[in-house]
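**Q** Here's a sequence, model it:
(4 chains)
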Number of protein chains: 4
Amino acid sequence: MKVSIVGVTGYSGLELLRYLRQHPYVEVVSIHSHSMNKKSFEAVNPHLKQLISLPLEEIDPTIIMEKSDLVLLATPSGVSKELALPFIKANFPVIDLSGDFRLKKAGEYESWYGSSAASLELIQQFDYGLAEFRDSPKSKWIANPGCYATATELALAPLLRNNKIELDSIVIDAKSGVSGAGKGVSSATHFSETHDNMTLYKMNSHQHIPEIIQQLQKWDVTLNTIQFSTSLIPVTRGIFLTAYAKLKQPISDEELVQLYKTQFENNHFIRIQEVGHYPTLKQVIGSNYCDIGLAYNPQTNMVTIVTVIDNLGKGAAGQAIQNLNLYAGFEEQCGLDQLPIYP
Amino acid sequence: MKVSIVGVTGYSGLELLRYLRQHPYVEVVSIHSHSMNKKSFEAVNPHLKQLISLPLEEIDPTIIMEKSDLVLLATPSGVSKELALPFIKANFPVIDLSGDFRLKKAGEYESWYGSSAASLELIQQFDYGLAEFRDSPKSKWIANPGCYATATELALAPLLRNNKIELDSIVIDAKSGVSGAGKGVSSATHFSETHDNMTLYKMNSHQHIPEIIQQLQKWDVTLNTIQFSTSLIPVTRGIFLTAYAKLKQPISDEELVQLYKTQFENNHFIRIQEVGHYPTLKQVIGSNYCDIGLAYNPQTNMVTIVTVIDNLGKGAAGQAIQNLNLYAGFEEQCGLDQLPIYP
Amino acid sequence: MKVSIVGVTGYSGLELLRYLRQHPYVEVVSIHSHSMNKKSFEAVNPHLKQLISLPLEEIDPTIIMEKSDLVLLATPSGVSKELALPFIKANFPVIDLSGDFRLKKAGEYESWYGSSAASLELIQQFDYGLAEFRDSPKSKWIANPGCYATATELALAPLLRNNKIELDSIVIDAKSGVSGAGKGVSSATHFSETHDNMTLYKMNSHQHIPEIIQQLQKWDVTLNTIQFSTSLIPVTRGIFLTAYAKLKQPISDEELVQLYKTQFENNHFIRIQEVGHYPTLKQVIGSNYCDIGLAYNPQTNMVTIVTVIDNLGKGAAGQAIQNLNLYAGFEEQCGLDQLPIYP
Amino acid sequence: MKVSIVGVTGYSGLELLRYLRQHPYVEVVSIHSHSMNKKSFEAVNPHLKQLISLPLEEIDPTIIMEKSDLVLLATPSGVSKELALPFIKANFPVIDLSGDFRLKKAGEYESWYGSSAASLELIQQFDYGLAEFRDSPKSKWIANPGCYATATELALAPLLRNNKIELDSIVIDAKSGVSGAGKGVSSATHFSETHDNMTLYKMNSHQHIPEIIQQLQKWDVTLNTIQFSTSLIPVTRGIFLTAYAKLKQPISDEELVQLYKTQFENNHFIRIQEVGHYPTLKQVIGSNYCDIGLAYNPQTNMVTIVTVIDNLGKGAAGQAIQNLNLYAGFEEQCGLDQLPIYP
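**A** Below you'll find the predicted structure:
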């Protein structure tokens, strides 16, 4: 299978390149960017020196469709919605990593992203790519989920699907590494400001909120909203998400862990921690794993769910390749079989 | 006023030394440790080279009481409960930074700290040193609060005292820098394991929980428990605490901020952020400030409270000096008037 | 004594504010910037909230000279050379932290800074502010040294002044924290690029080189050049400098340490480490200390000199205040008497 | 090819596991440790959860030799010298990552490692495994080089082999990430002491020095010694090495770069940077690459060589696998074909 990567110069694009190098059945045949030329690409990414023989090309859909069987759009929200059009029109497979094709309800994109959405008709044709819970795994148009959304949805799925929690009690306290903010410089990602620091940003207003609610409603239509905070921690990669919810009925830690194990028993990339163990952020870095730890507190009747992912792995490029594998009928682990990098 | 510091070789003891150097009315007349001698003290703390002319002495209460007017015990929980006895017996002022004299209910120390408590009669004579809410600010025996406890209690005080929240909805997600674990080495604080990592530890079992509940019950006797998580983030200093609670009545952000400003209007060290602003961890490092940011979410009817302190400042040594100032009748800022170190 | 700070919004300006708050004889009467107004100043520097009652003013030399006895220019190279003019013309004291008044040889500023210099006549009137080796400590115009320059010059002074080393063998390998690059954002200081990384920049071309050579030539006029590298390490503050030089004659470690102790015996801020001890970066952070460790290698006949400073302390604001104290006849430690912040 | 890993629980052992998972021709058939059992292995290494089906076994040479074709000893210096004996006696292939079989001169191990060496006769049978310069690439006993040694030797090879430098002018200023100190806890690797810090340790006394001199003497027998410093920087992985040397004759930057390109033109894992470019540490992390940047300074007649490796990659496990490939006749890149992990 031949694929092209558009937006290869961003962190997610680079990570696609890293994973796909190990993929037994996929060949990256072209890489594209409109922000850099080949020379600056190597200058800015010296880790790739001598390793990428492909030229860095302009984004020309016609040529991409001639060369490839599928295009991965690792472009920012706002850019993908334009770039994807010629591919869709030509009935050509697209996996889009941006937020542009995720929100299926009219007006939501506009209110959370602050700009005009792609046509709702197009958006409806995209399947939301939460790999463990795909509606149409064979869809040729896939809207890869956001990093926070992936971690949140996987954290809550077993409880919601089994009707275990008081919906209005859900609290998500999510922390992200700085690479989640991308390559663009700003004072919020300036080393001297970010190092040794922690900051809560986008209070009750992160653009992944509507995407999360949309997915959670598939599991419990009566859910309306969630309490959701996002903070920046001084690590490069990773999302560490702590979720809290009140249970309808008490549960034992053993039952709780079993509930999750059962839900995910056929999902290679979800690793449920044993009773009394909670995942650390580093145990998934460089990989597509989502590790989940669980505890029930009988005092408060609340469950605590600790979920960790690599924001560039399961939170972006890794899941995109997992979705590519689903689409193409490859084994789920193809290209994603590396061990996490530790320490 | 002359004071002695016992346990000066730990991080809190060193921080007492740093603040007291600036104190206009307090002189440190002796420093004590049973784990080091003078030579190893300078070798382990090269930042103090040529700056501390005092010898490092053994811990001899008789000599301390001859030299000093007050003793600061910066010793670990389990050690203070023995060390404090001769001072109390001699009616000599003690500020204790450990957990040994905080829990006033029989059996609690034993169940949370896993060892036998000091005599309950003695503990009752200690005033809990949450500086902004002291019961007996002139008490000569002060149990300085825990770092997590300080941040939590200050975060919730205005809401609880004004009967604003649903008690069973409180969720505290607290993150701490690694210096909170002290100087003792362990794999949990080994650089290669801790750097670029985040870990949730002591799930529903941190020993500050009973101390928090004890204080919160002073403000609402019907409160029984809280949901409370503690995580380690890869910074040396600081606690970043995010608290969530459902309100009994909707509130505007302006009213919420005003509620906190009113509560703390005479408290120099509590800085309430304006509407739409949330404190970053770094803005209090090296200082005794506790900065609080607030937001109401009408969708969930929840308030989010972001509280930051330096765990060695307001969370330990800084508050101890603030309590010393209260006891001695000095101005609250004496010795604590430095600007936070930034960046 | 009344002073004004111009460029207070940069890292060095903020650090001047932090130190001067503790100064017993100096009052900051006005603060100035042309890049921010008061509101943005507090928004960008939340650590100062409620702590600075002064308004942030435009830069008006006439008003500054009415209010103050001395002006501190914490402005970038290229800006100071214009700003200083009206003060100099009016015979008003100036301490300039930029590189604009350091290079006294025609053409050097132009070739190392890449823009036109201030008039050489003016530059000649500035005394180079290496505090331990001032030519004219009472000069009212002081060119405060660069951070790398300070560390290098103090590292080499005793050896050069005593004619101990082969001049053409000197190698300086200097590492700096990221705050040395200032507040301006760039991909070189973007957290995701800088964290967990180390980079050598300005190979043989750092603008502090001519300033260093100029000072070293005062001690040995036959010195022509040095080998000098600058790298960025992932810490916010600090310079860690390792210098190497061949000796003309073998020496013992004891004699070597004694040579340095003798040179600096009256210099409070220079702390010579004992034989076999080398300073760590953290032991000077937040302070004006310069700590130096020494070792002679009989195998190679080379001496290794390890020098650490806080780039914003002894490398900028701290030394500026030390120079202010010299000018005003205050004790050298005034305002600089804090312990380093540790850990 | 079947291999066993002894000492799999250390950082180098874990990294062998990570690389070999991608190796097309090598299967890890058993893993061994005497410090942990299977249960604690997964508890301490949660990143491996569900990914390693092998049991963690005791170290039994007889069983290992039955199962495997080669054993990798990722055990500490002092341990390997005992463990290797039965394998050597049985003429069984060994790649040892410790320092125990590197030093071929009588007495050197004793004086640098402070304990008794393996028998010199045995040591002589080991080939020093600097992969690009192997004496006997088909040797079945390989002493894998130290991390600092690898970086130093590769940095200097072209200059020494071409007789370009004044031997007594060489200065090596090497900086290492903290994982180089291994998993053992100590105050030198305690997060609160190491973070935001930099320290020079083992002044003129690092145990890699004799190994380096031994190798350099193969290229220039008249070399006697080098000036060599080792510092700890606050990153987990990586060695950033800056070397300086005076040239016998001036050279242009172009000629210098060409000299290195020519030397390493057939060495996939050595990437010579273009004129004016210097490698950053991160560009090799997670990989077996050694990247080298070069500059000639006509003022000082010195060359600066910047060399970066991952201490666990080219500095340990990566190079061990490269050596395994050489031994087995596999392509050099087998198992080592991943892109560096970036950012």
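**Q** which residues of the stretch 201-343 of chain A fall in strands?
**A** Along the stretch 201-343 of chain A, the stretches classed as strands by DSSP state E, counting those that start in this stretch are A:227-232, A:239-246, A:270-272, A:290-297, A:302-309.
**Q** Is the second one positioned near chain D?
**A** Read that as strand A:239-246. No - Strand A:239-246 is not in contact with chain D by CB under 8 Å from any CB of the partner chain; minimum separation 13.8 Å. To be clear about C-beta, it is placed using only N, CA and C from the backbone, and glycine gets the same treatment.
**Q** sorry, back to before: nearest to C:K246, of the strands of the stretch 201-343 of chain A?
**A** strand A:227-232 (48.4 Å; CB to CB).
**Q** Would you reformat the strands of the stretch 201-343 of chain A as JSON lines and include distance to chain C and mean neighbour count?
**A** Converted to JSON lines, these look like this (distance: least, CB to the nearest CB, whole Å; neighbours: other CB atoms under 10 Å in any protein chain shown):
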{"stretch": "strand A:227-232", "distance to chain C": "9", "mean neighbour count": "24"}
{"stretch": "strand A:239-246", "distance to chain C": "14", "mean neighbour count": "25"}
{"stretch": "strand A:270-272", "distance to chain C": "25", "mean neighbour count": "24"}
{"stretch": "strand A:290-297", "distance to chain C": "22", "mean neighbour count": "26"}
{"stretch": "strand A:302-309", "distance to chain C": "17", "mean neighbour count": "27"}
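**Q** Adding mean pLDDT and distance to D:L48, write these out as a markdown table.
**A** Formatted as a markdown table, the strands of the stretch 201-343 of chain A follow (pLDDT from 0 to 100; distance: least, CB to CB, whole Å):
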| stretch | mean pLDDT | distance to D:L48 |
| --- | --- | --- |
| strand A:227-232 | 98 | 29 |
| strand A:239-246 | 98 | 19 |
| strand A:270-272 | 98 | 10 |
| strand A:290-297 | 98 | 11 |
| strand A:302-309 | 98 | 15 |
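**Q** okay if I get those strands as CSV plus distance to chain B?
**A** Shown next, in CSV, are these (distance: least, CB to the nearest CB, whole Å):
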stretch, distance to chain B
strand A:227-232, 4
strand A:239-246, 4
strand A:270-272, 15
strand A:290-297, 5
strand A:302-309, 5
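**Q** C:N163 is nearest to which of the ones you listed?
**A** Using CB to CB, the strands of the stretch 201-343 of chain A put strand A:227-232 closest to C:N163, at 53.8 Å.
**Q** who touches the closest one?
**A** A:148, A:152, A:170-178, A:180-181, A:188, A:194, A:197-204, A:206, A:208-209, A:212, B:240, B:242, B:244, B:297, B:300, B:302, B:304 (CB atoms under 8 Å, 6 or more residues apart in numbering or on different chains).
**Q** Identify the neighbouring strands of that strand in the sheet and state each direction.
**A** strand A:171-176 (parallel), strand A:199-201 (antiparallel) (DSSP bridges).
**Q** What sits closest to A:L216 if chain neighbours are left out?
**A** Sequence neighbours aside, A:L223 is the residue nearest to A:L216 in space, at 5.1 Å (criterion: CB to CB, 6 or more residues apart in numbering or on different chains).
**Q** nope, A:V308 is what I meant
**A** A:P279 (4.6 Å).
**Q** A:I209 - how many residues pack around it?
**A** Applying other CB atoms under 10 Å in any protein chain shown, we find 24 residues neighbouring A:I209.
**Q** I figured it hits A:W112, correct?
**A** Yes - using CB atoms under 8 Å, A:I209 is in contact with A:W112, at 7.0 Å.
**Q** For the helix or strand bottoming out on mean pLDDT in chain A, give me every contacting residue.
**A** The weakest-scoring helix or strand in chain A, judged by mean pLDDT, DSSP states H and E, is helix A:38-44 (a mean of 79). With contact meaning CB under 8 Å, 6+ apart, helix A:38-44 is reached by A:V8, A:T9, A:S33, A:M36, A:L48, A:K49, A:P55, A:L56, C:S187, D:H277.
**Q** ok, the nearest residue to the last one once chain neighbours are set aside - contacts?
**A** For D:H277, the nearest residue in space outside its immediate sequence neighbours is D:G293; the separation is 5.9 Å by CB to CB, 6+ apart. By CB under 8 Å, 6+ apart, the residues touching D:G293 are C:L200, D:Q273, D:H277, D:Y278, D:P279, D:I305, D:V306, D:T307.
**Q** On the strand side of things, show who D:G293 bridges to.
**A** Beta-bridge partners for D:G293, by DSSP bridges, are D:V306.
**Q** so how many other residues sit close to the residue in the stretch 201-343 of chain A that chain C sits nearest to?
**A** With CB to the nearest CB, the shortest gap between the stretch 201-343 of chain A and chain C falls at A:T236, namely 5.1 Å. By other CB under 10 Å, 24 other residues sit near A:T236.
**Q** what's the next secondary structure element after the helix or strand containing A:L83?
**A** In this structure, A:L83 sits in helix A:80-89 according to DSSP states H and E. Per DSSP H and E, helix A:80-89 leads on to strand A:94-96 as the next helix or strand towards the C-terminus.
**Q** Can you list the strands that that next one pairs with?
**A** Strand A:94-96 is paired, per DSSP bridges, with strand A:70-73 (parallel), strand A:141-143 (parallel).
**Q** From the contact counts, what lies against the helix or strand just after that strand?
**A** Counting by DSSP H and E, the next helix or strand C-terminal to strand A:94-96 is helix A:108-113. Helices and strands touching helix A:108-113, by 3 or more CB pairs under 8 Å, 6 or more residues apart in numbering or on different chains; DSSP states H and E, are helix A:209-219.
**Q** how about a cut-off of 6 Å?
**A** Identification of packing neighbours for helix A:108-113 by 3 or more CB pairs under 6 Å, 6 or more residues apart in numbering or on different chains; DSSP states H and E yields no helix or strand.
**Q** Okay, buried residues for it please.
**A** Within helix A:108-113, the residues scored as buried using 16 or more other CB atoms under 10 Å in any protein chain shown are A:E108, A:Y109, A:W112, A:Y113.
**Q** same thing with stretch A:92-103?
**A** For stretch A:92-103, by 16+ other CB under 10 Å, it's A:F92, A:P93, A:V94, A:I95, A:D96, A:L97, A:S98, A:G99, A:D100, A:F101, A:R102, A:L103.
**Q** pLDDT score assigned to the last one?
**A** It refers to A:L103. What the model reports for A:L103 is a pLDDT of 98.
**Q** Now do the same contact list for it.
**A** By CB atoms under 6 Å, 6 or more residues apart in numbering or on different chains, the contact set of A:L103 is A:Y109, A:P210.
**Q** Check the second one too.
**A** By CB under 6 Å, 6+ apart, the contact set of A:P93 is A:L70, A:K140.
**Q** where does chain A come near chain D, residue by residue?
**A** If contact is defined as CB under 6 Å from any CB of the partner chain, the residues of chain A in contact with chain D are A:18, A:21, A:46-47, A:49-50, A:179, A:236, A:271, A:283, A:286, A:339-343.
**Q** Kindly state the domain boundaries assigned to chain A.
**A** A:2-125, A:148-311 (automatic domain parsing).
**Q** Determine which stretch of those domains is the most buried.
**A** Comparing the domains of chain A by mean neighbour count (mean count of other CB atoms under 10 Å in any protein chain shown), domain A:148-311 ranks first with a mean of 22.
**Q** Quick check: end-to-end length of it?
**A** End-to-end span of domain A:148-311 (CA to CA, to the nearest Å): 8 Å.
**Q** Equivalent analysis for stretch A:9-27, please.
**A** 18 Å.
**Q** what's the distance between that stretch and the middle of its chain?
**A** 15 Å (CA atoms, centre = their mean, to the nearest Å).
**Q** what sits up against that stretch?
**A** If you take CB under 6 Å, 6+ apart as the criterion, stretch A:9-27 is touched by A:1-3, A:5, A:7, A:28, A:33, A:35-36, A:72, A:74, A:97, A:179, A:183, A:312, A:316-317, A:321, A:330, A:334-335, D:339.
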